[in-house]
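Visitor: fold the following and give me the result.
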Amino acid sequence: MIFAIILLVLLGISFLFNLVSMAGNALRGGRSGSSRASSGPRLEEVVKEDNDSPNKIAVIEVSGIITSGNIDQSGFNRVEVLRAELRRAMDDDRVKAVLLKVDSPGGEVMAADEMHHALNEFQTKSSKPIIASMGSLAASGGYYISAPCRWIVASDLTITGSIGVILSSYNYRGLMDKVGVLPQTYKSGKFKDMLSGSREPEQITPEEKAMVQRLIDETYGKFKRVVQDGRDKANQQNKTQGRALVSDWADYADGRVLSGTEAYKLGFVDEIGYFKDAVARAEVIAGISKANLVEYQQRFDLSDIFRLFGKSDAKKIKIDLGMDLPRLEAGRLYFLSPTVLQ
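Guide: Residues are numbered from 1 along each chain as shown. Here you go, the predicted model:
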């Protein structure tokens with residue numbers, strides 16, 4: 001009974017808090033003239049650097065493994081949060097540019113492609129430029145999401161490149177034979193158990209290997225098109241100020257990692273510099289003299305906690321080891337730098 005009373009009190013407080021928040025959002029929406037109904041993560045604007053300016057540059061950070069599977073305490077994944085941040089920047093007339101801080105070794109193909117699409121769509125619809133500021137690592141999928149940006153800034157020590165696709169599978173049949181476990185598989189077609197780790201290695205036919213390689217090659221071909229289209233479009237907009245891809249750039253898109261200096265020489269990035277240089281470049285491209293730097297942080301309340309009780313993921317315990325470990329799944333395609341696999 002005591003627990004039920006406490007729960008009802010908390011629910012009541014959450015209801016009142018959400019009611020006041022909704023009223024405030026409605027009033028703000030009315031004042032800004034925006035009638036778009038917001039959905040997804042609830043974001044609050046936080047001033048990162050106040051330069052006493054009416055203009056803003058929205059700083060959006062993408063760090064760690066790019067994935068659509070990791071759900072945070074709000075119930076939204078990183079792709080959904082990115083889309084919400086871009087919507088917020090698009091709806092705010094005072095935001096003149098977006099600064100994308102990338103510090104990622106890459107990740108899932110689908111998640112990276114969704115982010116790429118969202119960034120490309122934002123620039124097309126809003127006409128607001130996105131400037132990428134690469135951190136210590138912006139490789140593979142990290143470069144994939146940087147490619148559509150109007151301008152790319154990297155440090156000379158940034159690790160980037162690693163343009164390629166990887167698919168991993170593990171064969172544990174030898175271990176099964178040692179412990180006396182015999183798999184029995186029933187399938188509807190001869191290729192239904194492709195990449196199964198319980199098969200004898202010699203049972204994998206050349207035809208199957210060719211099919212998997214075609215899948216890799218198709219995805220890799222799209223990666224190269226994303227790089228080509230993004231850099232060509234940026235070069236047309238930047239004209240002589242930016243960097244164009246060298247004629248043999250595809251020879252360097254073979255999975256190798258590049259330093260920021262090498263990437264600059266090959267035309268994969270436009271400028272060698274740091275975060276402050278990316279800010280200065282964003283102001284130049286946006287045609288403003290100075291701007292306040294703002295970030296969007298997720299707002300949580302008690303309703304988020306209660307909502308998570310209905311999720312199976314809420315039963316999992318996350319241990320923070322101070323670093324993001326890649327959780328690679330067999331049979332899944334990744335834009336991932338080999339530096340995280342060592």
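
Visitor: number of residues surrounding the closest residue in space to Y274 that isn't next to it in sequence?
Guide: Spatial nearest neighbour of Y274, chain neighbours left out: S155 (6.0 Å); criterion: Cβ to Cβ, 6 or more residues apart in numbering. From N, CA and C alone the C-beta is placed, and that goes for glycine too. Using other Cβ atoms under 10 Å, S155 has 21 other residues around it.

Visitor: over to E207?
Guide: The number of residues packed near E207 is 9, by other Cβ under 10 Å.

Visitor: is it within a helix or a strand, and which one?
Guide: Assigned by DSSP states H and E, E207 belongs to helix 206-238.

Visitor: what's the mean pLDDT across that helix?
Guide: The average pLDDT for helix 206-238 rounds to 94.

Visitor: now for that helix, which elements pack on it?
Guide: In terms of contacts (3 or more Cβ pairs under 8 Å, 6 or more residues apart in numbering; DSSP states H and E), helix 206-238 is packed against helix 109-126, helix 141-144, strand 151-154, strand 166-167, strand 333-336.

Visitor: that helix: how far from the chain's middle?
Guide: In terms of Cα atoms, centre = their mean, to the nearest Å, the centre of helix 206-238 is found 18 Å from the chain centre.

Visitor: what do you get for stretch 76-96?
Guide: Per Cα atoms, centre = their mean, the centroid offset for stretch 76-96 relative to its chain is 13 Å.

Visitor: show me what counts as buried in it.
Guide: Within stretch 76-96, the residues that qualify as buried are 76-90, 92, 95-96, counting by 16 or more other Cβ atoms under 10 Å.

Visitor: kindly export it (C-alpha atoms) in PDB.
Guide: What follows is stretch 76-96, C-alpha atoms only, in PDB (Å, rounded to 0.1, in the frame of the first residue of the first chain):
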ATOM      1  CA  PHE A  76      15.400   6.900 -28.200                       C
ATOM      2  CA  ASN A  77      18.500   5.800 -30.200                       C
ATOM      3  CA  ARG A  78      21.200   8.000 -31.500                       C
ATOM      4  CA  VAL A  79      19.700   8.300 -35.000                       C
ATOM      5  CA  GLU A  80      16.400   9.500 -33.600                       C
ATOM      6  CA  VAL A  81      18.200  12.000 -31.400                       C
ATOM      7  CA  LEU A  82      20.200  13.300 -34.400                       C
ATOM      8  CA  ARG A  83      17.000  13.800 -36.400                       C
ATOM      9  CA  ALA A  84      15.400  15.700 -33.500                       C
ATOM     10  CA  GLU A  85      18.400  17.900 -33.200                       C
ATOM     11  CA  LEU A  86      18.400  18.700 -36.900                       C
ATOM     12  CA  ARG A  87      14.600  19.500 -36.700                       C
ATOM     13  CA  ARG A  88      15.300  21.900 -33.800                       C
ATOM     14  CA  ALA A  89      18.100  23.600 -35.800                       C
ATOM     15  CA  MET A  90      15.900  23.900 -38.900                       C
ATOM     16  CA  ASP A  91      12.900  25.400 -37.100                       C
ATOM     17  CA  ASP A  92      15.100  28.100 -35.300                       C
ATOM     18  CA  ASP A  93      15.600  31.000 -37.600                       C
ATOM     19  CA  ARG A  94      18.400  32.300 -35.400                       C
ATOM     20  CA  VAL A  95      20.400  29.100 -36.200                       C
ATOM     21  CA  LYS A  96      22.500  30.000 -39.200                       C
END
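
Visitor: OK, contacts around the residue nearest to Y274?
Guide: Neighbour list for S155: 134-136, 260, 272-274 [criterion: Cβ atoms under 8 Å, 6 or more residues apart in numbering].

Visitor: kindly report the same for Y220.
Guide: 164-165.

Visitor: go again using 6 Å as the cut-off
Guide: The contact partners of Y220, taken as Cβ atoms under 6 Å, 6 or more residues apart in numbering, are V165.

Visitor: from Y144, how far out is it?
Guide: 11 Å (Cβ to Cβ, to the nearest Å).

Visitor: one more: G255?
Guide: 13 Å.

Visitor: looking at those two, which is more packed in?
Guide: When G255 and Y144 are compared for neighbours, Y144 comes out ahead with 27 against 16, by other Cβ under 10 Å.

Visitor: quick one: that one and A112 touch, right?
Guide: Yes. Using Cβ atoms under 6 Å, Y144 is in contact with A112, at 4.7 Å.

Visitor: need the strands for this structure, in chain order.
Guide: Listed in chain order, the strands of the chain (DSSP state E) span residues 43-49, 56-63, 95-104, 106-108, 130-139, 151-154, 159-161, 166-167, 257-259, 271-272, 292-298, 333-336.

Visitor: out of those strands, which comes closest to A234?
Guide: Closest to A234 of the strands of the chain, according to Cβ to Cβ: strand 151-154, at 6.7 Å.

Visitor: returning to what we had before: nearest to V227, out of the strands of the chain?
Guide: For the strands of the chain, the distance to V227 is smallest for strand 159-161, at 10.2 Å, taking Cβ to Cβ.

Visitor: average pLDDT for that closest one?
Guide: The average pLDDT within strand 159-161 is 96.

Visitor: quick one: strands adjacent to it?
Guide: Here strand 159-161 is paired, per DSSP bridges, with strand 130-139 (parallel), strand 257-259 (antiparallel).
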